[in-house]
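Q: need a structure here:
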Amino acid sequence: MNRSQSLKKIADKKKPWDFIIIGGGASGLGSAVDASSRGYNVLLIEKDDFSKGTSSRSTKLIHGGVRYLQNGDISLVIEALKERGIMRKNAPHLVNDLSFVIPSYDWWNSPFYGIGLKIYDMMAGNLGLGPSTLLDKEETIKLIPNVKKEGLRGGVIYHDGQFDDSRMAISLALTSDKHGGTLCNYMEVKGLMKKNKIITGVLAYDKINNQSYEIFGKVVINATGVFSDSIIKMDNPMSKKLIKASQGVHIVLDKKFLDGPHAIMVPQTSDGRVLFAVPWNESVIVGTTDTEIETIDEEPRALEKEIKFILENAGKYMTRRPKK
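A: Take a look at the predicted model:
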């Protein structure tokens, strides 16, 4: 994949592209792989780095939707488990097994979550990563040495997937390129071209070489995620706002706060959410929140209340309480 070659293809292209994909995150890159592998002429353009936004700011998990199980969303859990298995099969170098421990502090915690996770195992079938198991107090402490020991009764261990989201994005880009797709980053869409009220292409600007392009396409895909409204308004400035944005915040702690290779899953925080503390390289990622926001920013910042929420809820389960 070479940017200069991509620019030359864009400049030399005489016929319309079959697909022009705006956005180089997970959705855009996945669409590019799908279309290019089927033999279509595909152009993907991204105004920044590939996977710069939401797609590189995840909890680094390919989970089967365990948090949706308690809500009774069975069909979503089954679909997520299937997709997890497919990703692990297609990209074993990027997806690995990660064990999670749910610490139990009430007598009913372990049997309640244990039964739920056995159902989770059954749903995964032959795509499962390993069986869930009930733990006694000593086994739980051995796996999570920094877990709060006061009142601890035991726990449950289960398995889910972990992956490198940025590397996955680059792998998708390279796969599309291998199948003949053309991908170009730092190329920003400034407008849409139309003929008889039908979108026929995009007006794009090369942010590195300060050059503008008229690019024609049979189909234009808006894969810009939370910024989708900005592209929609290029088509119709009077269109209603479609995106209701929320942000999920993670904080990064030193690895000593877990002191081991296993993750913690808190099944219910003070506001009823699920919280993960996940080992990642030499750190621990803890999150996430779900806060409705009015202003969509390319460089979002964690709110003080979100940081406080994560620190307080994580601290309830750790002997070494994290502080700002």
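Q: and residue 177, what does it touch?
A: By C-beta atoms under 8 Å, 6 or more residues apart in numbering, the contact set of residue 177 is 1, 183. To be clear about C-beta, it is placed using only N, CA and C from the backbone, and glycine gets the same treatment.
Q: tell me if it really is in a strand.
A: No. Applying DSSP: H, G, I helix; E, B strand; the rest coil, one finds residue 177 to be helix, outside a strand.
Q: how about the helices in this protein?
A: 3-12, 26-37, 66-69, 74-90, 109-124, 137-143, 165-178, 228-235, 304-315 (DSSP state H).
Q: list the buried residues in the second one.
A: If I follow you right, that is helix 26-37. By 16 or more other C-beta atoms under 10 Å, the buried positions in helix 26-37 come out as 26-33, 35-36.
Q: got the domain boundaries for this protein?
A: Split into domains by automatic domain parsing, the chain comes to 3-55+166-235, 95-160+245-315.
Q: the last one: end-to-end distance?
A: Between the opening and closing residues of domain 95-160+245-315 there is a gap of 29 Å (C-alpha to C-alpha, to the nearest Å).
Q: could you pull up the mean pLDDT of that domain?
A: For domain 95-160+245-315, the mean pLDDT works out to 92.
Q: equivalent analysis for the shortest one, please.
A: In this model, domain 3-55+166-235 carries a mean pLDDT of 97.
Q: just the pLDDT for the most centrally placed residue in the chain.
A: With distances taken as C-alpha atoms, centre = their mean, residue 58 lies nearest the centre of the chain, 4.3 Å away. For residue 58, the pLDDT comes out at 92.
Q: for it, which residues are in contact?
A: Listed by C-beta under 8 Å, 6+ apart, the contact set of residue 58 reads residue 165.
Q: would you mind getting the angle between the longest strand along the chain and helix 228-235?
A: Longest strand of the chain, by residue count under DSSP state E: strand 211-222. With axes from the mean of the first three to the mean of the last three C-alpha atoms, to 10 degrees as the basis, strand 211-222 and helix 228-235 are set at 110 degrees to each other.
Q: what lines up beside strand 211-222 in the sheet?
A: strand 17-22 (parallel), strand 198-206 (antiparallel) (DSSP bridges).
Q: angle of it against helix 3-12?
A: Counting by the same axes, to 10 degrees, strand 211-222 lies at 90 degrees to helix 3-12.
Q: can you point out the buried residues in strand 211-222?
A: Applying 16+ other C-beta under 10 Å to strand 211-222 flags 213, 215-217, 220-222 as buried.
Q: before we move on, what about stretch 240-255?
A: 245, 247-251, 253.
Q: repeat that for stretch 185-200.
A: Here stretch 185-200 shows 185, 187-189, 192-193, 199-200 as buried, counting by 16+ other C-beta under 10 Å.
Q: redo the residues you listed as CSV? Include distance to residue 105.
A: CSV is the format used below for the buried residues of stretch 185-200 (distance: C-beta to C-beta, whole Å):
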residue, distance to residue 105
185, 48
187, 53
188, 51
189, 52
192, 56
193, 61
199, 56
200, 61
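Q: which of the residues you listed lies closest to residue 147?
A: The shortest gap between residue 147 and any of these belongs to residue 185, at 42.8 Å (C-beta to C-beta).
Q: ok, how many other residues are close to the closest residue to the closest one other than its chain neighbours?
A: Once flanking residues are discounted, residue 185 sits nearest to residue 46: 4.6 Å by C-beta to C-beta, 6 or more residues apart in numbering. Neighbourhood size, residue 46 [other C-beta atoms under 10 Å]: 26.
Q: okay but residue 46 is in contact with residue 173, surely?
A: No. Residue 46 lies out of contact with residue 173 (C-beta atoms under 8 Å); the separation is 9.2 Å.
Q: anything in contact with each of the two?
A: With C-beta under 8 Å, 6+ apart as the test, residue 46 and residue 173 both reach 24, 183.
Q: and residue 79, what is it in contact with?
A: Neighbouring residues of residue 79 by C-beta under 8 Å, 6+ apart: residue 65.
Q: if we can go back for a sec, I'd like the strands paired with strand 211-222 as CSV, with distance to residue 92 appended.
A: Listed next are these as CSV, based on distance: least, C-beta to C-beta, whole Å:
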stretch, distance to residue 92
strand 17-22, 27
strand 198-206, 36
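Q: which of these is buried the deepest?
A: Of all those, strand 17-22 carries the top mean neighbour count, a mean of 24, counting by mean count of other C-beta atoms under 10 Å.
Q: hey, C-alpha coordinates of it in CSV?
A: What follows is strand 17-22, C-alpha atoms only, in CSV (Å, rounded to 0.1, in the frame of the first residue of the first chain):
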residue,chain,number,x,y,z
TRP,A,17,-15.3,4.0,-9.2
ASP,A,18,-17.8,1.3,-8.3
PHE,A,19,-17.6,2.4,-4.6
ILE,A,20,-16.2,5.5,-3.0
ILE,A,21,-16.0,5.0,0.8
ILE,A,22,-15.6,8.0,3.0
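Q: compute the inter-axis angle for it and helix 165-178.
A: Interaxial angle, strand 17-22 versus helix 165-178 (the same axes, to 10 degrees): 160 degrees.
Q: for residue 244, which non-adjacent residue is spatially closest?
A: The nearest residue in space to residue 244 (C-beta to C-beta, 6+ apart) is residue 292, at 7.2 Å.
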